[in-house]
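Peer 1: 3D, please:
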Amino acid sequence: MRYRTRVTAPAAALLGTAAALAVAPTASARPLDAKPDQGTPGAETLGDSVYPALGNDGYRVEAYHLDFAYDATTRLVDAKATLRIKATQDLSRFSLDALGLDVRAVKVGGVAATFEQVDEKLRITPARTLPKHCATAVCVEYGADPAKTLPYTAWVPTPDGFAICPQPNAAHTVFPCNDHPTDKADFSFRVTVPNTLRGVANGSLVRTEQLDGGRTAYTYRSADPIATELVQITVGDYVVKERQGPHGLGLRDVVPTARAAALEPALALTPGLVDWLEQRLGAYPFETYGLLPCNNDASNAFDFTGLETQTLTLYKPNFLLQEEKKIGSHMMHELVHSYFGNSVSPANWADLWINEGHADFYGLLYRYERGWADSLGLTTMEARMKDTYAKGDQWRQSSGPVAAPNAVNLFDNQRYLGGVLVLYALRELVGEDVFHRIERTFLDRYRNGAATTADYIAVATEISGTDQSGFLNDWLYGTKTPRMPNHPDWTVTPVVSSLVAPRHRAPGHYPDSTATL
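Peer 2: Numbers count the residues shown, from 1 in each chain. The predicted model follows:
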């Protein structure tokens, strides 16, 4: 079989994650009781060009275990995050990203550590310096209020619980973490809820415990590493519906109980979507896939249509109640993110065009193959790209080059349709067969990791046998739209300053710039 089988050994799984993290001794070349004046603080940034304050250096996270207990009366969460970190320097102090969390206690290697919350950092000073290459457990006990007002948040409160939407920079409003997609880690989750509710997270269910007081604990574990922005934890009145996808892939949807029957036609589309995409990009990269129609259709719940949290795409239920031709293209968009964005994550948020450009590229191809007109009334990729090409210089002026966003315009049209235009130009230049080999090689080489725009250009150069750096750099970073291969008649509309600029992303929101709606 091409897929990992579902984990069915709860005891072994738990011993390998939560229990091991909780009691793990420190492993290092030098003992933890090295001289306390050795080492230096880790940097409180990973130098991202879009979010320069995001992430932390001096260590890498190997694994997270998140233990959440939800109180349906207070609607609060009592939580414990246990991280296994490995120092990359002699570390006298280190930080985690954290915002809006009520941190009560921190232990490093089982020993109480000093901590302080400063801006969006949780600064931790262990009792002794952590030597380089030291691996140790960090345990943070805290409380969280999903309804708390913050500058931005990943929490999505629902009438019966919550879901989370961490992308791009909000996972640390849910759990303390190294909140950058380059620092992927193994994840396990334990979600305790009243018996009337269901707790769900990324990956596969490995254990269910009936507890005193009418409560149930659900433990999940992911077979593959996850970037913090792709974590999903949800609580509510849900039913889990399982079905089989291509080649033995297990599919699971987490559906509001009262709307399960109405949503079934949309959920039943997934096996066909996976099959179509596998023919182009290869085997689906994770152990399961499914949809989470979050139990909240309120306009202010979240202002995007779908979000690709790993193995479980978040949606508003009402969107999925529409006919296939109105939802199929966008469902493909979100599925593509399992490959571009989840399996291969952006090494810098400026590389987002790789995620969104590919998701719209294949989502539009899927639409046009079925003869479904897009929002402009167009029915072919060539027609849509000609229209997009004409807007190229205007978008470059108002939104910057495709691969040079900032925090304000990160999620606008340039990263979506602008990214599609780059991929279309490359395919026109090298031909369809070479283009598909570039795509698969890139995915295989960087699977379960992160990649840069330069990495994609290098793969394109290698597979095509021709240096593509000049061509792609002009398309990705140029201030003027280059000529389109094979289409000398295509023209770019002159820039008019009064034209409306593409929609920009406000802090904490994710507007729908995708062309697949």
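
Peer 1: Surely Glu209 and Gly199 touch.
Peer 2: No: using C-beta atoms under 8 Å, Glu209 and Gly199 do not qualify as a contacting pair, with a distance of 11.0 Å. Placement of C-beta: from N, CA and C, glycine included.

Peer 1: Name the residues contacting each of those two.
Peer 2: With C-beta atoms under 8 Å, 6 or more residues apart in numbering applied, the overlap between the contact sets of Glu209 and Gly199 consists of Thr216, Ala217.

Peer 1: Settle it for me: which of those two has more neighbours?
Peer 2: In this comparison of Glu209 against Gly199, neighbours counted by other C-beta atoms under 10 Å, the higher total goes to Gly199 at 27 against 12.

Peer 1: tell me the contacts of that one?
Peer 2: In this structure, Gly199 makes contact with Phe68, Tyr70, Val191, Thr192, Val193, Thr216, Ala217, Tyr218, Ile233, Thr234, Val235, judged by C-beta under 8 Å, 6+ apart.

Peer 1: can we see that at 7 Å?
Peer 2: Listed by C-beta atoms under 7 Å, 6 or more residues apart in numbering, the contact set of Gly199 reads Val191, Thr192, Val193, Tyr218, Val235.

Peer 1: And for Gly143?
Peer 2: For Gly143, the contact set (C-beta under 7 Å, 6+ apart) comprises Leu76, Val77, Asp78, Ala79, Asp102.

Peer 1: Number of residues surrounding the last one?
Peer 2: Here the count is done by other C-beta under 10 Å, and Asp102 has 14 residues near it.

Peer 1: so it touches Asp145, yeah?
Peer 2: No: Asp102 is not in contact with Asp145 according to C-beta atoms under 7 Å; the separation is 8.0 Å.

Peer 1: list the helices and strands the strand or helix carrying Arg190 packs on?
Peer 2: Following DSSP states H and E, the helix or strand that holds Arg190 is strand 186-194. When contacts are defined as 3 or more C-beta pairs under 7 Å, 6 or more residues apart in numbering; DSSP states H and E, strand 186-194 sits against strand 59-71, strand 198-201, strand 215-221, strand 233-236.

Peer 1: For that strand, which outside residues touch it?
Peer 2: Taking C-beta under 7 Å, 6+ apart as the rule, strand 186-194 contacts 17-18, 62-70, 72, 199, 201-203, 211, 214-222, 225-226, 231, 233, 235.

Peer 1: ditto for stretch 69-76
Peer 2: With contacts defined as C-beta under 7 Å, 6+ apart, stretch 69-76 is touched by Val77, Asp78, Gly143, Asp145, Pro146, Ala147, Gly161, Thr192, Val193, Pro194, Leu197, Val235.

Peer 1: switch the cut-off to 8 Å
Peer 2: Contacts with stretch 69-76, where a contact means C-beta under 8 Å, 6+ apart, come from 77-79, 143-147, 157, 160-162, 191-194, 196-197, 199, 235.

Peer 1: what about burial for the residues you listed, which qualify?
Peer 2: When these are checked for burial by 16 or more other C-beta atoms under 10 Å, the buried set is 77-79, 144-146, 157, 160-162, 191-194, 197, 199, 235.

Peer 1: mind listing what the strand holding Arg190 pairs with, with the direction of each?
Peer 2: Strands adjacent to strand 186-194 in the sheet, as given by DSSP bridges, are strand 59-71 (parallel), strand 215-221 (antiparallel).

Peer 1: Just tell me which of those strands ends up closest to Trp353.
Peer 2: The stretch from the strands paired with strand 186-194 with the least distance to Trp353 (C-beta to C-beta) is strand 59-71; that distance is 25.8 Å.

Peer 1: Can you give me the neighbour number for the residue nearest to Pro41 when sequence neighbours are not counted?
Peer 2: What sits nearest to Pro41 in space, not counting adjacent residues and going by C-beta to C-beta, 6 or more residues apart in numbering, is Arg93, at 4.0 Å. Residues near Arg93, counting by other C-beta under 10 Å, number 19.

Peer 1: what helix or strand is Arg93 on?
Peer 2: Since the elements are taken from DSSP H and E, Arg93 ends up inside strand 91-97.

Peer 1: between that strand and strand 59-71, how big is the angle?
Peer 2: If you take axes from the mean of the first three to the mean of the last three C-alpha atoms, to 10 degrees, strand 91-97 sits at 50 degrees to strand 59-71.

Peer 1: quick one on the thing from earlier: for the contacts of Gly143, give me CSV that also has pLDDT, distance to Glu287 and secondary structure.
Peer 2: Below are these laid out as CSV (pLDDT from 0 to 100; distance: C-beta to C-beta, whole Å; DSSP: H, G, I helix; E, B strand; the rest coil):
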residue, pLDDT, distance to Glu287, secondary structure
Leu76, 98, 32, strand
Val77, 98, 26, strand
Asp78, 98, 29, strand
Ala79, 98, 25, strand
Asp102, 98, 34, strand
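
Peer 1: roughly how far apart are Phe94 and Gly341?
Peer 2: As for Phe94, its distance to Gly341 is 28 Å (criterion: C-beta to C-beta, to the nearest Å).

Peer 1: what do you get for Val111?
Peer 2: With distances taken as C-beta to C-beta, Val111 is found 38 Å from Gly341.

Peer 1: likewise Leu476?
Peer 2: Taking C-beta to C-beta as the criterion, Leu476 is separated from Gly341 by 17 Å.

Peer 1: show me where the stretch 301-450 of the chain has strands.
Peer 2: For the stretch 301-450 of the chain, strands defined by DSSP state E, counting those that start in this stretch occupy the ranges 306-307, 313-315, 344-346, 449-451.

Peer 1: what does the stretch 1-150 of the chain give?
Peer 2: 40-41, 59-71, 76-87, 91-97, 102-108, 111-112, 114-118, 121-125, 135-144.

Peer 1: which of those is buried the deepest?
Peer 2: Between the strands of the stretch 1-150 of the chain, strand 91-97 has the highest mean count of neighbours, a mean of 24, where neighbours are mean count of other C-beta atoms under 10 Å.

Peer 1: tell me the angle of it relative to strand 102-108?
Peer 2: With the same axes, to 10 degrees as the basis, strand 91-97 and strand 102-108 are set at 150 degrees to each other.

Peer 1: Work out the gap between strand 91-97 and the centre of the chain.
Peer 2: For strand 91-97, the distance from its own C-alpha centre to the chain's C-alpha centre is 24 Å (C-alpha atoms, centre = their mean, to the nearest Å).

Peer 1: In terms of secondary structure, what does that strand contact?
Peer 2: Using 3 or more C-beta pairs under 8 Å, 6 or more residues apart in numbering; DSSP states H and E as the contact definition, the elements that strand 91-97 packs against are strand 40-41, strand 76-87, strand 121-125.

Peer 1: Name every strand pairing with the second one and say which way it goes.
Peer 2: Strand 76-87 has the following strand partners under DSSP bridges: strand 59-71 (antiparallel), strand 135-144 (antiparallel).

Peer 1: Looking at those strands, which is nearest to Ala359?
Peer 2: Across the strands paired with strand 76-87, Ala359 has its closest neighbour in strand 59-71 (25.9 Å, C-beta to C-beta).

Peer 1: can you give me the helices in the stretch 401-517 of the chain?
Peer 2: With DSSP state H, counting those that start in this stretch, the ranges of helices along the stretch 401-517 of the chain come out as 413-430, 432-445, 453-464, 469-477.

Peer 1: Dump the last one to CSV, keeping only the CA atoms.
Peer 2: Listed next in CSV are the C-alpha coordinates belonging to helix 469-477 (Å, rounded to 0.1, in the frame of the first residue of the first chain):
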residue,chain,number,x,y,z
SER,A,469,17.2,31.8,-12.9
GLY,A,470,17.0,34.8,-15.2
PHE,A,471,13.6,33.9,-16.6
LEU,A,472,12.0,33.1,-13.2
ASN,A,473,13.6,36.0,-11.3
ASP,A,474,12.2,38.4,-13.9
TRP,A,475,8.7,36.9,-13.4
LEU,A,476,9.0,36.7,-9.6
TYR,A,477,10.9,39.9,-8.7
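
Peer 1: mind checking the end-to-end distance for stretch 171-178?
Peer 2: For stretch 171-178, the separation between the terminal residues is 9 Å (C-alpha to C-alpha, to the nearest Å).
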